[in-house]
Structure formats: C-alpha cells, structure tokens
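**Student:** this one's structure only:
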C-alpha cells in the first residue's frame with residue numbers, strides 16, 4: 001500500500017525534485033518519509049500488533065491557492081481516523097430529530113427474525 005501511495009504521489013509530482021526520501025520496511029514495522037521541493041511532505045510509520053497493523057502518518061502540502069494543508073491520521077483496527085487537519089475537514093450536519101428518534105426506536109425493537 002505504501003509503495004502504491006508513493007508511486008501515485010511521484011507521478012502526480014513528476015517535475016518536483018526529491019529533497020528527502022527515506023524508507024525502511026521490516027516484517028513487523030515500516031516507516032517512510034518523502035519531501036519534495038513543491039511543499040509535499042509525507043511521513044508514515046506502521047507497527048504490527050499481533051495480527052493488526054497500527055499506522056500513524058501525516059501529510060502536508062500547499063494548495064494551488066497557496067493555502068497550507070496538513071493532515072495527521074491513525075489507521076488501526078478501528079479504521080482510518082483523522083487526528084487533526086488544517087484546514088479542518090468538513091463535518092456532517094446533525095441528524096434530524098425525527099430520524100434520531102426512528103434510529104433509537106429501531107435499536108430498542110430489534111427484528112425477531
């Protein structure tokens with residue numbers, strides 16, 4: 001997965017010069033870092049815990065509008081979770097009250113099938 005991400009990143013930034021490119025891949029852990037001269041800065045490390053991977057990473061770049069963008073994340077048995085983002089990621093609107101009541105009723109009255 002990490003290699004595919006790096007390949008896609010390199011293709012999208014084929015004119016960018018590499019300032020830093022570090023990779024270490026072992027059976028139970030990995031880490032890599034890539035920094036390009038066009039503001040792209042990516043780091044990720046992962047550790048195998050039993051049969052589950054825990055991966056931490058961060059990505060930063062400057063948008064075409066000149067706005068700095070950054071994301072820090074963790075991916076583990078609970079899935080991909082953004083720890084922080086700048087600018088903040090959009091959040092969904094609140095669940096309407098009628099829908100929330102319906103969901104609570106469904107949870108309280110499970111199907112007997």
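**Tutor:** Sure, I can see it. Keep in mind that what you see is a predicted model, and the values were worked out from it rather than measured.

**Student:** for the rest of this, base every contact and every neighbour count on C-alpha atoms.
**Tutor:** Fine.

**Student:** and the spatially most central residue of the chain, bridged to which residues?
**Tutor:** Nearest to the mean C-alpha position of the chain, by Cα atoms, centre = their mean, lies residue 73 at 4.8 Å. Bridge pairing for residue 73 (DSSP bridges) gives the partners residue 57, residue 82.

**Student:** surely it meets residue 80?
**Tutor:** Yes - at 7.1 Å, residue 73 counts as touching residue 80 under the criterion of Cα atoms under 8 Å.

**Student:** nearest residue to residue 80 in space, ignoring adjacent ones along the chain?
**Tutor:** The spatial neighbour of residue 80 that comes closest, neighbours along the chain excluded (Cα to Cα, 6 or more residues apart in numbering), is residue 74 at 6.0 Å.

**Student:** can you show me the helices along this protein?
**Tutor:** 2-12, 97-108 (DSSP state H).

**Student:** which of these has the lowest average pLDDT?
**Tutor:** Lowest mean pLDDT within the helices of the chain: helix 2-12, at a mean of 52.

**Student:** residue 61: how many residues sit nearby?
**Tutor:** Residue 61 has 18 neighbouring residues, counting by other Cα atoms under 10 Å.

**Student:** quick one: it from residue 107, how far?
**Tutor:** 43 Å (Cα to Cα, to the nearest Å).

**Student:** can you check residue 59 too?
**Tutor:** 39 Å.

**Student:** try residue 18
**Tutor:** Distance, residue 18 to residue 107, using Cα to Cα: 53 Å.

**Student:** so these two - more neighbours on which side?
**Tutor:** Ranked by neighbour count (other Cα under 10 Å), residue 18 and residue 107 place residue 18 first, with 15 against 10.

**Student:** for the more buried one, list the residues it contacts.
**Tutor:** Neighbouring residues of residue 18 by Cα atoms under 8 Å, 6 or more residues apart in numbering: 34-37.

**Student:** just the buried ones from those?
**Tutor:** Neighbour counting with 16 or more other Cα atoms under 10 Å marks 34-36 as buried within those.

**Student:** rewinding a little: which of the contacts of residue 18 lies closest to residue 47?
**Tutor:** residue 34 (18.8 Å; Cα to Cα).

**Student:** related to what we said a few turns ago, how many neighbours does the residue nearest to residue 80 have?
**Tutor:** 19.
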